[in-house]
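Undergrad: Take a look and give me a structure for this.
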Amino acid sequence: MTAVTAAAPRGFETPAFAADFTGTGKLLRLYLRRDRIVLPLWILVLSLPLGSVYVKSIQKLYHQPSDFHDFAAGVLSNPAELAMYGPIYNDNSLGAAGIWKAGMFYTLIAIATILTVIRHTRADEETGRSELLASTRVGRFAGLTATLIVAYGGALLAGLIGYASIAATSVPKAGSLAFGLAMAGSGIVFASVAAVAAQLSASARTARGIAFAVLGVTFTLRAIGDVRAGAGPTSPLTWMAPQGWSLQVRPFAGDHFAVLWLHVLTTVVLTVIAYYLLAHRDTGAGLIAERPGALAAGPALAGPLGLAWRLQRGTLLAWTVGLGLYGLMIGSITHGVGDQLGSSQTIRDLITRMGGSASLEKSLISYAFTMVAVGAAAYAVSAALRLHAEESTAHAEAVLTGNVSRTRWAASHLIFALLGPLVALVVSGLLAGLVYGRAAGDVGGKVGWTLGAALVQVPAVWTFVGLTVVLFGLLPRFTTVAWGLLSAAVAVFLLGSLSGSPQWFRDLNPFEHAPKVPGAAFTATPLIILLLVDVALITVGLIAFRRRDLRSA
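TA: Predicted coordinates:
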């Protein structure tokens, strides 16, 4: 029998809004394929260490109820730590102490979801990929819908794996679930924030800036609120931030699951707004009109270095300010750190081993600036990846058509990837030394300690620049794997330090080779070796880049 296709009777046509979602499944498969490396990476990095690193490490370090009480009292009396991580709401719980510093993951997962949403929405529109897809049978809302499924699903999966990781330890499962859902809720809320931001500007960089500005403002409100509240009632400022809502779920301290409705309602409202704005703008356009540029470029844009400065300066400033604030926190908590450790000899031994000295303050400085170096390395990778972004969008091709060699163009961005982390580390070291020195009554001596601890990390940071350049030159399609290499190094550092892994395993992490000053004697040999490795990696990457063809998205 031959099938006959007839027009649907009037009143039974496919609703117009349903056609707007046509192609969502296909785009979802495309986005999952594009994120097949980055998506699993940030999900696992944000979830697996929760039980295996955070809870188990605290379990090894504290044994008596009095230890937990002393630890919580030290946190509640320290404004810097309250601002960074929030308070501990249960001073007699392994779970509450174990996931306290993991509260920073409420912000980290927000960063991951913001980057994911902007990449598949505004960045794709900016490069013209969305317009190309729109010429096929793809509805107006398909791209945003597929993107939100990826971001929401990734955040929820990270939360559930985190729940399983924490629940595998000896802490209550209800508290584990509360933390996992609170973390997922924070990521989902900021994915919807990014979805709205993507509708506002025609520039992916501006959209990211808007979303990160919201993240920064809410983090600041939460931090100020927690510092003001201390051990007292929760401040209203804390309730003005999604990160504060996640803290108020209070895992292992009441497990207030009802607070999660704030995440749900906010997500629904912002998602509806994002779809409404998308329906009222043109593809490739933003609702905020862009300012017209100058009629002629200024002298600063006469060469590739001036252009690189224009592209890199905002990121450099943001990372320098962020690491400087972290330096202030280090300086504020270092003097008298022994009072916060209570009677736990185990944690004293741990800090001494990781810092390489019998002096707790020197050891803490050494360990803390390794973490600052991780942040500096993240900035360095971001700055080096600008090469990949400029090439993928064909902006590099436009520059190279002039009297500019490939090496000169690449060097203009690598200057920021190499010197930017150095500037940020110096600022962080100076601020930490000034605050610590003022508290200890020895500014000159303490600034020397903190600056030394910061500067010895530079060669290890530059190693990740070299690895990024090698990937860019040899395997340009996989340049973003540099983030995976950095994440792996951080995992090796955390797991190796806390679980007593063999030395060969620790040596896989470049930060392991930096001298543990001021806790140990300075030795130049490992730094020289790291610098030689850095030079070799960058040289190989640049030679490979000169010999291969340019590629675009």
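Undergrad: so who does residue 254 touch?
TA: residue 89 (Cβ atoms under 8 Å, 6 or more residues apart in numbering). Using the backbone N, CA and C atoms, a C-beta is placed for each residue, glycine as well.
Undergrad: Give me the secondary structure label for it.
TA: coil (DSSP: H, G, I helix; E, B strand; the rest coil).
Undergrad: How about residues contacting stretch 150-161?
TA: Contacts of stretch 150-161 (Cβ under 8 Å, 6+ apart): 28, 31-32, 35, 39, 42-44, 46-48, 109, 112-113, 116-117, 120, 180-188, 191, 194.
Undergrad: then the helix or strand containing residue 265 to PDB, C-alphas only?
TA: Assessed by DSSP states H and E, residue 265 sits inside helix 260-279. Taking C-alpha atoms only, helix 260-279 is exported to PDB below (Å, rounded to 0.1, in the frame of the first residue of the first chain):
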ATOM      1  CA  LEU A 260      17.500  24.200  47.300                       C
ATOM      2  CA  TRP A 261      14.100  25.600  46.200                       C
ATOM      3  CA  LEU A 262      15.800  29.000  45.900                       C
ATOM      4  CA  HIS A 263      18.200  27.500  43.300                       C
ATOM      5  CA  VAL A 264      15.300  26.000  41.400                       C
ATOM      6  CA  LEU A 265      13.100  29.100  41.400                       C
ATOM      7  CA  THR A 266      16.000  31.400  40.400                       C
ATOM      8  CA  THR A 267      17.000  29.000  37.600                       C
ATOM      9  CA  VAL A 268      13.500  28.900  36.200                       C
ATOM     10  CA  VAL A 269      13.100  32.700  36.200                       C
ATOM     11  CA  LEU A 270      16.500  33.300  34.600                       C
ATOM     12  CA  THR A 271      16.000  30.600  32.000                       C
ATOM     13  CA  VAL A 272      12.600  32.100  31.000                       C
ATOM     14  CA  ILE A 273      14.300  35.500  30.700                       C
ATOM     15  CA  ALA A 274      17.000  34.000  28.500                       C
ATOM     16  CA  TYR A 275      14.500  32.500  26.100                       C
ATOM     17  CA  TYR A 276      12.500  35.700  26.000                       C
ATOM     18  CA  LEU A 277      15.600  37.800  25.200                       C
ATOM     19  CA  LEU A 278      16.700  35.300  22.600                       C
ATOM     20  CA  ALA A 279      13.300  35.500  20.900                       C
END
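Undergrad: Quick one: list the elements packing against that helix.
TA: helix 142-167, helix 173-197, helix 242-248 (3 or more Cβ pairs under 8 Å, 6 or more residues apart in numbering; DSSP states H and E).
Undergrad: And the contacts of stretch 150-161, which of them are buried?
TA: 28, 31, 35, 39, 42-44, 46-48, 109, 112-113, 116-117, 120, 180-188, 191, 194 (16 or more other Cβ atoms under 10 Å).
Undergrad: so where's the stretch 151-300 of the chain shaky on pLDDT?
TA: 231, 284, 289-297 (pLDDT under 70).
Undergrad: who's in contact with stretch 109-116?
TA: 35, 39, 42, 46, 147, 150-151, 154-155, 158, 183-184, 186-191, 193-194, 208, 211-212, 215, 242-243.
Undergrad: quick one, phi psi at residue 172?
TA: Reported as degrees, to the nearest 10, the phi and psi values for residue 172 are phi -60, psi 140.
Undergrad: residues in contact with it?
TA: Here residue 172 is in contact with 95, 252 (Cβ under 8 Å, 6+ apart).
Undergrad: Following the chain onward from the helix ranked longest in the chain, which element is next?
TA: Using DSSP state H, we find that the single longest helix of the chain is helix 406-440. Moving toward the C-terminus from helix 406-440, the next helix or strand (DSSP H and E) is helix 443-455.
Undergrad: you'd agree residue 210 is up against residue 197?
TA: Yes: the pair formed by residue 210 and residue 197 meets the contact definition of Cβ atoms under 8 Å, at 4.1 Å.
Undergrad: Residues that sit against both of these two, list them.
TA: Contacts common to residue 210 and residue 197, judged by Cβ under 8 Å, 6+ apart, are absent.
Undergrad: Those two - which one has more neighbours?
TA: Neighbours of residue 210 and residue 197, each counted by other Cβ atoms under 10 Å, are more numerous for residue 197; the result is 27 against 21.
Undergrad: List the residues that contact the more buried one.
TA: So residue 197 contacts 118, 122, 207, 208, 210, 211, 214 (Cβ under 8 Å, 6+ apart).
Undergrad: Kindly report the same for residue 445.
TA: Counting by Cβ under 8 Å, 6+ apart, residue 445 has contacts residue 437.
Undergrad: and the nearest residue to residue 431 once chain neighbours are set aside, how far is that from residue 522?
TA: Excluding the flanking residues, the one nearest residue 431 by Cβ to Cβ, 6 or more residues apart in numbering is residue 327, at 4.1 Å. With distances taken as Cβ to Cβ, to the nearest Å, residue 327 is found 20 Å from residue 522.
Undergrad: For these two, indicate the residue with more neighbours.
TA: residue 327 (28 against 11).
Undergrad: which SS state does that one fall under?
TA: Assignment for residue 327 (three-state DSSP): helix.
Undergrad: Look up how far residue 365 lies from it.
TA: 11 Å.
Undergrad: what does residue 503 give?
TA: For residue 503 relative to residue 365 (Cβ to Cβ), the value is 23 Å.
Undergrad: if we can go back for a sec, what is the longest helix of the chain packed up against?
TA: helix 304-334, helix 360-384, helix 386-392, helix 395-400, helix 443-455, helix 458-474, helix 525-547.
Undergrad: Contacts for the shortest one, please.
TA: Residues lying outside helix 395-400 but in contact with it, judged by Cβ under 8 Å, 6+ apart, are 304, 307, 387, 390, 391, 406, 409, 550, 552.
Undergrad: quick one on the thing from earlier: how about the longest helix of the chain: buried residues?
TA: Neighbour counts over helix 406-440 (16+ other Cβ under 10 Å) mark 406, 409-414, 416-418, 420-437, 439 as buried.
Undergrad: Give the other helices and strands that the helix or strand harbouring residue 504 contacts.
TA: Using DSSP H and E, residue 504 sits within helix 503-506. Judged by 3+ Cβ pairs under 8 Å, 6+ apart, the packing partners of helix 503-506 are helix 481-499.
Undergrad: Point to the helix or strand of the protein where mean pLDDT is at its lowest.
TA: For the chain, counting by mean pLDDT, DSSP states H and E, helix 345-355 ranks last in confidence among helices and strands (a mean of 51).
Undergrad: need the contact list for residue 423.
TA: Residue 423 neighbours (Cβ under 8 Å, 6+ apart): 316, 320.
Undergrad: If we ignore the residues flanking it in sequence, what's nearest residue 185?
TA: residue 263 (3.4 Å).
Undergrad: can you pull the contacts of that neighbour?
TA: Residue 263 neighbours (Cβ under 8 Å, 6+ apart): 185, 186, 188, 189, 242, 245, 246.
Undergrad: Closest to residue 537 out of the residues you listed?
TA: Ranked by distance to residue 537 (Cβ to Cβ), the contacts of residue 263 are led by residue 186 at 36.1 Å.
Undergrad: Neighbours of residue 544, how many?
TA: So residue 544, with other Cβ under 10 Å, has 17 neighbours.
Undergrad: Before we move on, what's the pLDDT of the closest residue to it other than its chain neighbours?
TA: Nearest residue to residue 544, sequence neighbours excluded (Cβ to Cβ, 6+ apart): residue 473, at 3.2 Å. Looking at residue 473, its pLDDT stands at 93.
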